[in-house]
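Novice: Can you look at this prediction? I've put the sequence above it.
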Amino acid sequence: MGLEYYANQVIAFIQANQAWAAPIIFLLAFAESLAFISLLVPAWGILLATGALIQSSGLSFWPIWVAAAVGAALGDWLSYWIGYKFEHAVANKWPLNKHPDLLPRGEAFMKKWGMLGIVIGRFFGPLRAAVPLVAGIFQMDQTRFQIANWSSAFLWAAVILLLGDVAGKVIGYFWG
């Protein structure tokens, strides 16, 4: 059984147990944004599918949006903290130890883009959990990081859920 099977099970559970939608979405967004764990839990597909369920299943957008945003922001905050606390020792851990060029490239990215780099990283899967880790390793100012982190988390959650909603409507229009 692959990831698609588990994703379908989670989506079916959310559809059948709507009261659990927000806590599940919180956990998935947290895992999606957490350094190292995000590689094992590619939750964006479930978040997108949940967006498609909002209209068709009568799920309320607001609690799911807040849960996704808070989960993503807390996952990034923890990734930042890990980088800040352990600094370059993190480079010796998987998967960074397999790709020694990633940290220097990440540092160059953060120096070039700063706070905007946090926002950009939020929207690109492979960067989503790595950018906050790098920001922590290279001691980005915590206040600047948190401003970019929280604002981009709410923007990202809205975009992914609304994309799912639009995709659900388009699919329903053509195949419904």
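Specialist: Thanks, I have it. Numbering: from 1, shown residues only.
Novice: what's the helix or strand bottoming out on mean pLDDT in the chain packed up against?
Specialist: When the helices and strands of the chain are scored by mean pLDDT, DSSP states H and E, helix 125-128 comes last with a mean of 74. Secondary-structure packing of helix 125-128 (3 or more C-beta pairs under 8 Å, 6 or more residues apart in numbering; DSSP states H and E): helix 115-122. Using the backbone N, CA and C atoms, a C-beta is placed for each residue, glycine as well.
Novice: which other helices and strands contact the helix it packs on?
Specialist: Partner elements for helix 115-122 (3+ C-beta pairs under 8 Å, 6+ apart): helix 61-86, helix 102-113, helix 125-128, helix 130-137, helix 142-175.
Novice: Could I get the buried residue list for the second one?
Specialist: It refers to helix 102-113. Leu102, Leu103, Gly106, Phe109, Met110 (16 or more other C-beta atoms under 10 Å).
Novice: What of the last one?
Specialist: For helix 142-175, a neighbour-count test (16+ other C-beta under 10 Å) marks 145-146, 148-154, 156-157, 160-161, 164-165, 168 as buried.
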